[in-house]
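Novice: kindly generate the corresponding structure for this input.
(chains A and B)
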Amino acid sequence: MKLTPGARNALIAFAVAIVLPFVGHNGAFTNFLADAGAFVLLALGLNIVVGFAGLLDLGYAAFFAIGSYAFAMLASPQFGIHVPFWLLIFVAAAIAGIFGILLGAPTLRLRGDYLAIVTLGFGEIVPQTFLNLAQWTGGPNGIGSLDQPVFFGLKFGFDPLPYYLLILVLIALAVWVANNLRQSRLGRAWMAIREDELAAAHMGINTTTTKLAAFAMGASFSGLAGCAYASKLQLVSPDQFGFNVSVFILAMLVLGGMGNIPGVILGSVLLSSLDRFILPQGTNFLHGLGLTSVDLTSSRFLIYGVILVAMMLFRPEGLVPSRQRKAELHAAEIDEKAALAEQELYTEAIS
Amino acid sequence: MEVLLQQLVNGLSLGGIYALIALGYTMVYGIIELINFAHGDVYTLGTFFSLAILTLLGVTGIVTGPALIVVVAVTILGAMILCGLTGVIIERLAYRRLRHAPKLAPLITAIGMSFILENIMLYWHGPSPIPFPQVLPNPEFALGAITIQAKQVMVIVLAVVLMIVLQSFVMNTRLGKAMRATAQDKDAAQLMGIDINTTIALTFLIGSALAGAAGFVSGVYYGSTWFFNGFAAGLKAFTAAVLGGIGNLAGAMLGGFLIGLIEAMTTQFFGDQWANIMVFSILVLVLIFRPSGLLGESLPNKV
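Specialist: Numbers count the residues shown, from 1 in each chain, chains lettered A, B, ... in the order given. Purely as a prediction, here's the structure:
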């Protein structure tokens, strides 16, 4: 069987990712890998919505919250319900996907920027509702002692390693699904809508259902991530799903390259490392130099803000761009150049 | 009934602040079709600037007599100028280059700018709430069963006056005409000799200056602020702008007062924790069922 270069690289990356925790062999490092993996999964989901279909979703953490809470309510002492993990992970993905449709159905007809603000509002409403409905959700304390997955009699326990491997399998699944979707009729319809919605509609694409599919698919990825993340953390609480989280995931896409799967994974890993390693280590280093008042970790949101602005101004296609997306984002410049060239021809002709 | 009337007063004064912020959203959206996410943070910055000016003036408590007028005028004008300049700088640095880019790009930049401003304010005064000095003497007037505070009257009067000044500026001056022309068709306006860049910068200047005024008022009204204040307030003010019809100045005012009323009533009858949910649900419902708002005209899709 011959592999395409892309598939070969993906397999190599997957193999490296499996070996990584055994090389480090350090609980904290594996723990970091597992958390970073959950965010890769989230970034891959948001990439379908923002990267493929070009719909700016600023409340993506809400679906993450819904997936996590679905898991927490159906696999914890909260209601005494204990649905097996392997079934629940699909249930949670489906529930998140259904909420994607519920939010999307009325709102996806809106203009792009209105959609952004509606999703932002939704992202505020969901955690606040979980906070307010204390009799079911535990209010500010959230829901704790969630069930741990059991794999053929092997209990996952508190070691992060099995969770990491689980998340890795989910990522592989997500990459496979996203990549196939991208090349499918649906994926091409998404990109057509992203480039020019009006033209796409005139070509016979049903823009509402197509956009709805992107929303549902993206949301269901976050349901998977929510399940894995909540079971690893053993806890869900409303403060894990704020606007900050939505913007954190968006910054991963913007940094890595919207619409490009390897780029999104890279951006996600980079930002997670920044968040968990580079800033705390940098702070320690500066403290070692005697600058004890400096705390870089409190600047993380400043850094995300700067990333968003700087990337959009200077490299909107991201570090590892998708070729198509790059062309779209620089279309204005190309038009301008063409106009200038035309003008020159004209001045030459009349002189 | 008394409760209802009392909440009506509270809601209107709350709404005055939202209305002032909403004017900035609506002006910027009207002219370059950008949701300026950073606008809510410019408003908080207005409170921070006001606080700095009051500290410079050495004001820590209630001022009376002619000094009051001087202090209020200096602080409000100072906050307006500083916020206006902030708005112009943001437009120049972050938005101007992206004027012809796909819609997604300036929106993402605006979110980034919002984060940057919030963090600057975090460095400035730290993460805890900051007390704002009670500058105004605050006599209460009893009107039947309800009480009206002087600062509530101030908010409403200031909001209405600034709105009237703005409306007449936009409708009756050359610069206002240039703004309306730019909003309608940038290319045609440019061909008519209007300097688009200056006009857009002017829009940001005025919109942000109004947010600065709102910032001062909110400091006096609430007696405290914090770096994250602008996020929720900005979202509510944007809701107000959409509810009134985005791009429409009178609509922003109407929307602001309505949102203030809705918030006050929700707090009264369902509790504080449902107020945000109510306002954002209204945002979603208005966008779905009447995206042109109460006073706006529907926008055709531009090809």
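
Novice: what strand or helix carries the residue of the stretch 1-150 of chain A found nearest chain B?
Specialist: Nearest to chain B, among the residues of the stretch 1-150 of chain A, is A:Gly121, at 3.7 Å (CB to the nearest CB). (Each C-beta comes from the backbone N, C-alpha and C, glycine too.) Assigning secondary structure by DSSP states H and E places A:Gly121 in helix A:112-132.

Novice: what's the first helix or strand after that helix?
Specialist: From helix A:112-132, the next helix or strand downstream (DSSP H and E) is helix A:134-137.

Novice: correct me, but B:Val63 touches B:Val74?
Specialist: No. Between B:Val63 and B:Val74 there is no contact under CB atoms under 8 Å: 11.2 Å.

Novice: coming back round to it: what's the local residue count around the residue of the stretch 1-150 of chain A closest to chain B?
Specialist: 26 (other CB atoms under 10 Å in any protein chain shown).

Novice: what does the stretch 251-351 of chain A put close to chain B?
Specialist: A:254, A:298-299, A:301-302, A:304-309, A:312-313, A:316, A:328-329, A:331-332, A:335-336 (CB under 8 Å from any CB of the partner chain).

Novice: would you write out the PyMOL command that picks the buried residues out of the residues you listed?
Specialist: The buried subset of those, as determined by 16 or more other CB atoms under 10 Å in any protein chain shown, is captured in PyMOL by this line:
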select buried, chain A and resi 254+299+301+302+304+305+306+307+308+309+312+313+316+328+329
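
Novice: take the residues of the stretch 251-351 of chain A next to chain B and keep only those in helices.
Specialist: Under the assignment DSSP state H, those contribute A:254, A:301-302, A:304-309, A:312-313, A:328-329, A:331-332, A:335-336 to helices.

Novice: could you pull out the helices for chain B?
Specialist: Applying DSSP H to chain B gives helices spanning B:2-32, B:39-57, B:66-90, B:104-125, B:150-172, B:174-184, B:186-191, B:196-222, B:229-244, B:249-269, B:275-289.

Novice: wait, I meant the stretch 51-200 of chain A
Specialist: Counting by DSSP state H, counting those that start in this stretch, the stretch 51-200 of chain A has helices at residues A:60-74, A:85-107, A:112-132, A:134-137, A:160-183, A:185-195, A:197-202.

Novice: show me where pLDDT drops low in the stretch 251-351 of chain A?
Specialist: A:332-335, A:350-351 (pLDDT under 70).

Novice: so which bits of the stretch 51-200 of chain A are right by chain B?
Specialist: Going by CB under 8 Å from any CB, the residues of the stretch 51-200 of chain A near chain B are A:54, A:56, A:58, A:106-107, A:110-114, A:116-118, A:120-122, A:124-125, A:128-129, A:131-132, A:198.

Novice: please redo it, this time with the cut-off set to 7 Å
Specialist: A:54, A:56, A:106-107, A:110, A:112-114, A:116-118, A:120-122, A:124-125, A:128-129, A:132, A:198 (CB under 7 Å from any CB of the partner chain).

Novice: surely A:Met73 is in contact with A:Phe79?
Specialist: Yes. Counting by CB atoms under 7 Å, A:Met73 does reach A:Phe79; the two are 6.3 Å apart.

Novice: picking that back up, okay, the helices of the stretch 51-200 of chain A, which one's buried deepest?
Specialist: helix A:60-74 (a mean of 29; mean count of other CB atoms under 10 Å in any protein chain shown).

Novice: now for that helix, which elements pack on it?
Specialist: In terms of contacts (3 or more CB pairs under 7 Å, 6 or more residues apart in numbering or on different chains; DSSP states H and E), helix A:60-74 is packed against helix A:85-107, helix A:112-132, helix A:207-233, helix A:243-256.

Novice: any idea of the angle that helix forms with helix A:85-107?
Specialist: 140 degrees (axes from the mean of the first three to the mean of the last three CA atoms, to 10 degrees).

Novice: residues in contact with helix A:60-74?
Specialist: A:42, A:46, A:78-79, A:81, A:83, A:88, A:91-93, A:95-96, A:99-100, A:122-123, A:126-127, A:130, A:137, A:143, A:146, A:219, A:222-223, A:225-227, A:229-231, A:236, A:241-242, A:245-246, A:249 (CB atoms under 7 Å, 6 or more residues apart in numbering or on different chains).

Novice: residues from chain B in reach of chain A?
Specialist: So chain B meets chain A at B:35, B:94, B:97-98, B:100-105, B:107-109, B:111-113, B:115-116, B:119, B:235, B:238, B:273-274, B:276-277, B:280-281, B:283-284, B:287-288, B:291, B:301, B:303 (CB under 7 Å from any CB).

Novice: show the buried residues in those residues.
Specialist: B:35, B:94, B:98, B:101-105, B:107-109, B:111-113, B:115-116, B:119, B:235, B:238, B:274, B:276-277, B:280, B:283-284, B:287, B:291.

Novice: where's the most centrally placed residue in chain A, which helix or strand?
Specialist: Centre of chain A computed as the mean C-alpha position; nearest residue by CA atoms, centre = their mean is A:Ala43, 1.9 Å away. Per DSSP H and E: A:Ala43 is located in helix A:27-46.

Novice: now that helix: average pLDDT?
Specialist: Regarding helix A:27-46, the rounded mean pLDDT is 89.

Novice: apart from its chain neighbours, what residue comes closest to A:Glu336?
Specialist: B:His100 (7.7 Å; CB to CB, 6 or more residues apart in numbering or on different chains).

Novice: ok, the one you found to A:Gly104 distance?
Specialist: Per CB to CB, to the nearest Å, B:His100 is found 29 Å from A:Gly104.

Novice: still on that earlier bit, looking at B:Val63 and B:Val74, which has the bigger crowd around it?
Specialist: B:Val63 (20 against 15).

Novice: confidence-wise, which helix or strand of chain B is lowest on average?
Specialist: When the helices and strands of chain B are scored by mean pLDDT, DSSP states H and E, strand B:140-143 comes last with a mean of 81.

Novice: that one packs against which elements?
Specialist: Secondary-structure packing of strand B:140-143 (3+ CB pairs under 7 Å, 6+ apart): strand B:146-149.

Novice: so what secondary structure elements neighbour the strand it packs on?
Specialist: helix B:2-32, strand B:140-143.

Novice: could those go into a markdown table alongside mean neighbour count?
Specialist: Listed next are the helices and strands packed on strand B:146-149 as a markdown table, based on neighbours: other CB atoms under 10 Å in any protein chain shown:
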| stretch | mean neighbour count |
| --- | --- |
| helix B:2-32 | 24 |
| strand B:140-143 | 10 |
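
Novice: in TSV, list the ones you listed along with distance to B:Met154.
Specialist: Converted to TSV, the helices and strands packed on strand B:146-149 look like this (distance: least, CB to CB, whole Å):
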stretch	distance to B:Met154
helix B:2-32	8
strand B:140-143	13
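
Novice: ok, the residue of the stretch 201-303 of chain B found nearest chain A - contacts?
Specialist: When scored by CB to the nearest CB, the stretch 201-303 of chain B has B:Phe280 as its residue closest to chain A, at 3.7 Å. B:Phe280 makes contact with A:121, A:124-125, according to CB under 7 Å, 6+ apart.
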